[in-house]
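J.: With the input below, show me the fold.
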Amino acid sequence: MKQDSIFEKLERTRIRHSHKHPPIININRALAEGQTPGQRIADALAVMMGSWTFIIVQSTILAFWIALNAVAWVRHWDPYPFILLNLALSFQAAYAAPIIMMSQNRQAAKDRLMAEQDYMVNTKAEEEVKSIMHHLEQQDEAMIDILRKLEEQHEVLLDRFTLLHAERGGNSVPA
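T.: Below is the predicted model of the structure:
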């Protein structure tokens with residue numbers, strides 16, 4: 001019976017693996033495709049209201065409103081304490097707060113999905129690293145086996161050479 005060579009054993013023990021993981025998806029794209037028009041509008045409003053442009057424009061309008069009513073020569077349509085302005089700002093806040101909250105709730109849901117996706121990617125990476133480490137350990141063991149076999153062959157050849165050299169009458173053994 002033919003004895004397998006070290007290389008044939010290595011080939012048989014080589015790691016062949018394929019992990020079955022769900023595909024990695026782009027959370028931002030997946031959620032954006034499923035949004036209703038109302039959700040898109042709410043997100044756009046939340047982005048706009050959370051910008052410096054909005055703050056500057058609103059501050060300019062408020063300053064203009066107050067200035068016109070404070071120095072109006074003809075008619076004060078909203079005299080001090082600017083009750084109509086206060087009503088308009090309250091009206092804006094009454095609608096802005098829920099719109100921003102809806103957008104933040106969607107962002108929190110998206111963050112949870114992204115965290116779950118990150119966890120899956122990290123788990124997959126950990127499995128791959130474990131697999132690579134196992135493969136490297138197998139390679140180390142195979143290399144040690146090969147080195148042992150080579151050492152045994154070297155000792156056999158050295159013994160044969162010493163015996164052959166002694167039979168021919170040589171006194172010294174080469175180092």
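J.: what pLDDT does Ile144 get?
T.: Ile144 carries a pLDDT score of 93 in this model.
J.: That one and Leu31, how far apart?
T.: To Leu31, Ile144 is 52 Å away according to C-beta to C-beta, to the nearest Å. C-beta here means a position set from N, CA and C on the backbone, and glycine is covered the same way.
J.: the more surrounded of these two?
T.: More crowded of Ile144 and Leu31, by other C-beta atoms under 10 Å: Leu31, with 16 against 10.
J.: How about the secondary structure of the closest residue to Met48 other than its chain neighbours?
T.: The shortest distance from Met48 to any non-neighbouring residue, by C-beta to C-beta, 6 or more residues apart in numbering, is to Phe54 (5.6 Å). Look at Phe54: counting by DSSP: H, G, I helix; E, B strand; the rest coil, its state is helix.
J.: can you tell me how far Asp140 sits from Pro37?
T.: Distance from Asp140 to Pro37, by C-beta to C-beta: 60 Å.
J.: Roughly how far does Lys110 sit from Ala30?
T.: With distances taken as C-beta to C-beta, Lys110 is found 9 Å from Ala30.
J.: Of the two, which one has the most company?
T.: Taking neighbours as other C-beta under 10 Å, Lys110 and Ala30 compare with Lys110 leading, 15 against 11.
J.: Can you give me the distance of the residue nearest the centre of the chain to Glu128?
T.: By C-alpha atoms, centre = their mean, the chain has its centre lying nearest to Asp118, at 5.0 Å. From Asp118 across to Glu128, the span is 16 Å (C-beta to C-beta).
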